[in-house]
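Colleague: make a model of this:
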Amino acid sequence: MSILQALVRELQQRMESVVVVPSTGEVAEAASSERINVTLPRGVMDDLKRHALAEGRSCGNLASYLIEDGLRRHAVISPSVDLSSAEKS
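Modeller: From the prediction side, this is the model:
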């Protein structure tokens, strides 16, 4: 087999094994989590930032954890919902 034929064959094999990368929209749609925007008063945001920094986590991660915990304490969600998705990374 000539070098040119070998290169063509290798290229064909690589093209056959190309993995299709999903779009950002497809990934977001398939995710088990959803995103919301929340506007917080400055003092509340400052407190959130301080607590997140003290715990070594992001503000978004801490906010998610606090919302889940608050809903659980008020019996809005089942105690069986796993908080591990919002635990420290």
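
Colleague: please count neighbours and contacts with C-alpha atoms only from this point.
Modeller: Fine.

Colleague: any stretches of the chain with poor pLDDT?
Modeller: Counting by pLDDT under 70, the chain shows low-confidence ranges at 1, 18-20, 25, 27-28, 76-89.

Colleague: phi, psi of the residue positioned nearest the centre of it?
Modeller: The centre of the chain sits closest to S33, judged by C-alpha atoms, centre = their mean, with a distance of 7.4 Å. Taking degrees, to the nearest 10, you get phi -110, psi 160 for the backbone angles of S33.

Colleague: can you tell me how far it is from S64?
Modeller: Note on S33: its distance to S64, by C-alpha to C-alpha, to the nearest Å, is 11 Å.

Colleague: then S58?
Modeller: The spacing between S58 and S64, counted by C-alpha to C-alpha, is 10 Å.

Colleague: cool, L53 as well?
Modeller: With C-alpha to C-alpha as the criterion, L53 and S64 are 15 Å apart.

Colleague: those two: which is more packed in?
Modeller: Per other C-alpha atoms under 10 Å, whichever of L53 and S64 has more neighbours is S64, with 16 against 13.

Colleague: tell me which helix or strand that one sits in.
Modeller: Secondary structure assignment for S64, by DSSP states H and E: helix 59-73.

Colleague: so which elements touch that helix?
Modeller: Judged by 3 or more C-alpha pairs under 8 Å, 6 or more residues apart in numbering; DSSP states H and E, the packing partners of helix 59-73 are helix 42-55.

Colleague: buried set for the helix it packs on?
Modeller: In terms of neighbour count (16 or more other C-alpha atoms under 10 Å), helix 42-55 has its buried residues at L48, K49, A52.

Colleague: any residues touching it, and which ones?
Modeller: With C-alpha atoms under 8 Å, 6 or more residues apart in numbering as the test, helix 42-55 has contacts from S58, C59, L62, A63.
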